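Participant: Predicted model, plus sequence, below.
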Amino acid sequence: MNLFGLLLVLHILASIAIIGPAFVMPIIRRSARTVGQLHFAFGITTKLAIMPKIGGTVLILTGVSLMIITKMGLSQMWLNVSILLSLLIVVMIDGWIEPRMKKIIKIISESQDQGNEIPAEFGLLIKKIVPIETAAQLLMIAILVLMVVKPF
């Protein structure tokens, strides 16, 4: 396998490391029905959160390397749109989702001693995150389609 093939395989694996947890983590969190289950679900999703961080770093490094090897640079519109959408996802996750998740984790930690019932405040905060997570997931799908189809 040549350098291009190796970088391409690493690039695809990195995208899987990002996309997989991004689609699974919300499902795991929303499936919890008690405070104990919520605590467990957030423990799992916190551990899974490292995969997109590592995958994102590898994705950027391999993507830039592929652009250099192919001498493509930023000459392709599909690539520019993909990069812009990726930056938007980072802003959504780091600026909107993560701060709200920290509030939720704090609420869960505080309510762990108060019985099995999930606090009402949790439901309200999750409902605020769901549209942002859904938008981020749709953007990931759009980027994947752009990378595969290269429409323009």
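Facilitator: Arrived safely, thanks for sending. Numbers count the residues shown, from 1 in each chain.
Participant: What segments of the protein are helices?
Facilitator: For the chain, the helices defined by DSSP state H occupy 3-30, 35-48, 50-69, 77-91, 98-111, 120-149.
Participant: buried set for the fourth one?
Facilitator: Same thing as helix 77-91. By 16 or more other CB atoms under 10 Å, the buried positions in helix 77-91 come out as Trp78, Leu79, Ser82, Ile83, Leu85, Ser86, Ile89. C-beta coordinates here come from the backbone N, C-alpha and C atoms, glycine included.
Participant: need the contact list for the most centrally placed residue in the chain.
Facilitator: The chain has Ala22 as the residue nearest its centroid, 3.9 Å off, counting by CA atoms, centre = their mean. Neighbouring residues of Ala22 by CB atoms under 8 Å, 6 or more residues apart in numbering: Pro52, Ala136, Gln137, Met140.
Participant: Kindly give a single ChimeraX line that selects the buried subset of those.
Facilitator: This is the ChimeraX syntax for the buried subset of these, where burial follows 16+ other CB under 10 Å:
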select :52,136,140
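Participant: Return the distance of stretch 81-94 from the chain's centre.
Facilitator: Its chain's C-alpha centre and that of stretch 81-94 lie 10 Å apart, by CA atoms, centre = their mean, to the nearest Å.
Participant: so where is the protein shaky, pLDDT-wise?
Facilitator: For the chain, the stretches with pLDDT under 70 are 112-115.
Participant: Any figure for the gap between the residue nearest to the centre of the chain and Ile118?
Facilitator: Between Ala22 and Ile118 the computed distance is 23 Å (CB to CB, to the nearest Å).
Participant: How about Lys102?
Facilitator: Distance, Lys102 to Ile118, by CB to CB: 18 Å.
Participant: what do you get for Leu13?
Facilitator: From Leu13 to Ile118 the distance is 36 Å (CB to CB).
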